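Trainee: give me the fold of what follows.
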Amino acid sequence: MPGLLRGVARTAVVAGTASAVNGRVQRRQAAKFAERDAETAAVRQEAYYQQTVPQQATPQQMAPAAPPAAMSAEERLEKLERLGGLLSSGVLTQDEFAAEKARILQS
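Mentor: As a prediction, this is how the structure comes out:
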């Protein structure tokens with residue numbers, strides 16, 4: 001019987017040690033993964049911030065845009081005909097048509 005008791009005690013010690021080691025490994029891995037996730041989140045937040053917050057304008061961006069080249073009479077007529085087709089097909093409303101027509105005629 002003492003041999004049986006010794007075997008059971010040894011098994012209990014081995015199982016307890018394995019459980020303690022497993023717990024430490026899990027805590028260490030959880031901490032490592034949490035740190036990695038925090039770094040990933042910080043990188044993503046920085047990338048999002050860079051995309052959403054406009055950077056300071058460069059001198060080229062601050063310069064006024066050059067006015068578009070004047071259209072020839074034929075180009076205006078073609079654009080007005082296309083615009084009329086869009087109005088008749090119902091793609092444009094009367095207000096949108098009038099605004100675009102004024103823009104074309106001013107160019």
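Trainee: all contacts plus neighbour counts: C-alpha atoms, from now on.
Mentor: Will do.
Trainee: residue 85 in helix, strand or coil?
Mentor: Secondary structure state of residue 85, per DSSP: H, G, I helix; E, B strand; the rest coil, is helix.
Trainee: list the contacts for it?
Mentor: With contact set as Cα atoms under 8 Å, 6 or more residues apart in numbering, residue 85 has no partners.
Trainee: rounded mean pLDDT for stretch 78-91, please.
Mentor: The average pLDDT within stretch 78-91 is 90.
Trainee: could you dump that stretch to PDB, C-alpha only?
Mentor: C-alpha atoms of stretch 78-91 as PDB (Å, rounded to 0.1, in the frame of the first residue of the first chain):
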ATOM      1  CA  GLU A  78     -22.700  69.200 -77.700                       C
ATOM      2  CA  LYS A  79     -22.800  69.500 -73.900                       C
ATOM      3  CA  LEU A  80     -26.100  71.300 -74.000                       C
ATOM      4  CA  GLU A  81     -27.600  68.600 -76.200                       C
ATOM      5  CA  ARG A  82     -26.400  65.900 -73.900                       C
ATOM      6  CA  LEU A  83     -27.700  67.900 -70.900                       C
ATOM      7  CA  GLY A  84     -31.100  68.200 -72.700                       C
ATOM      8  CA  GLY A  85     -31.100  64.500 -73.200                       C
ATOM      9  CA  LEU A  86     -30.500  63.900 -69.500                       C
ATOM     10  CA  LEU A  87     -33.300  66.300 -68.600                       C
ATOM     11  CA  SER A  88     -35.800  64.600 -71.000                       C
ATOM     12  CA  SER A  89     -34.800  61.100 -69.700                       C
ATOM     13  CA  GLY A  90     -35.500  62.200 -66.200                       C
ATOM     14  CA  VAL A  91     -31.900  61.800 -64.900                       C
END
